[in-house]
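Enquirer: requesting a structural model of the entry that follows:
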Amino acid sequence: MSDDDLALLEQAPATRHPKGSRETWSAEIVDVAEFVEWTNTQFDARHYFRNNKIHMPAINAIARQQKSLMKIPGVRAVSKRSS
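Expert: The predicted model follows:
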């Protein structure tokens, strides 16, 4: 490792989380109409509904996988940190 590499490492901000903290991602429906309209354009929208209700476990799974990159109209990914 060169001196330049070491200098870059020293300058990189350290992200510290409290010991034992955990980040949990979930989804929150912010616009039901927009979400339903989007699901109508999807090939296999049955995963998003159970008994004619929005199936949040499926949407939460997407939020956990994609985190802040999740792009579902009418839905936002929410991050919570617990200690």
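Enquirer: pLDDT weak spots in the chain?
Expert: The chain contains residues with pLDDT under 70 at 1-18.
Enquirer: can you do 90?
Expert: Of all residues in the chain, those with pLDDT under 90 make up the ranges 1-22, 40, 42-52, 81-83.
Enquirer: in this protein, which spans are strands?
Expert: 22-29, 49-50, 53-54, 75-82 (DSSP state E).
Enquirer: these: which one's closest to residue 68?
Expert: Minimum separation from residue 68 across the strands of the chain (CB to CB) falls at strand 75-82, 5.8 Å. In this view, the C-beta of every residue, glycine as well, is placed from N, C-alpha and C.
Enquirer: who's in contact with stretch 40-51?
Expert: Identification of contacts with stretch 40-51 by CB atoms under 8 Å, 6 or more residues apart in numbering yields 35, 39, 54, 55, 58, 59.
Enquirer: mind redoing it with 10 Å?
Expert: 35-36, 38-39, 54-59, 61-62, 72-73, 75 (CB atoms under 10 Å, 6 or more residues apart in numbering).
Enquirer: got the buried residues for it?
Expert: Neighbour counts over stretch 40-51 (16 or more other CB atoms under 10 Å) mark residue 48 as buried.
Enquirer: that one: how far from the chain's middle?
Expert: Centroid separation for stretch 40-51 versus its chain: 19 Å, with CA atoms, centre = their mean, to the nearest Å.
Enquirer: when you give positions from now on, start the count at 562
Expert: From this message on, residue numbering opens at 562, which makes the last subject stretch 601-612.
Enquirer: convert the C-alpha atoms of that stretch to PDB, please.
Expert: The C-alpha trace of stretch 601-612 is given here as PDB (Å, rounded to 0.1, in the frame of the first residue of the first chain):
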ATOM      1  CA  ASN A 601     -51.900  -2.300 -12.700                       C
ATOM      2  CA  THR A 602     -48.900  -1.900 -15.000                       C
ATOM      3  CA  GLN A 603     -46.900  -4.800 -13.500                       C
ATOM      4  CA  PHE A 604     -46.900  -8.200 -15.100                       C
ATOM      5  CA  ASP A 605     -47.300 -10.100 -11.800                       C
ATOM      6  CA  ALA A 606     -49.000  -7.800  -9.300                       C
ATOM      7  CA  ARG A 607     -50.600 -10.600  -7.300                       C
ATOM      8  CA  HIS A 608     -47.600 -10.600  -5.000                       C
ATOM      9  CA  TYR A 609     -48.500  -7.200  -3.800                       C
ATOM     10  CA  PHE A 610     -52.100  -8.100  -2.700                       C
ATOM     11  CA  ARG A 611     -53.700 -10.700  -0.500                       C
ATOM     12  CA  ASN A 612     -57.500 -10.900  -0.100                       C
END
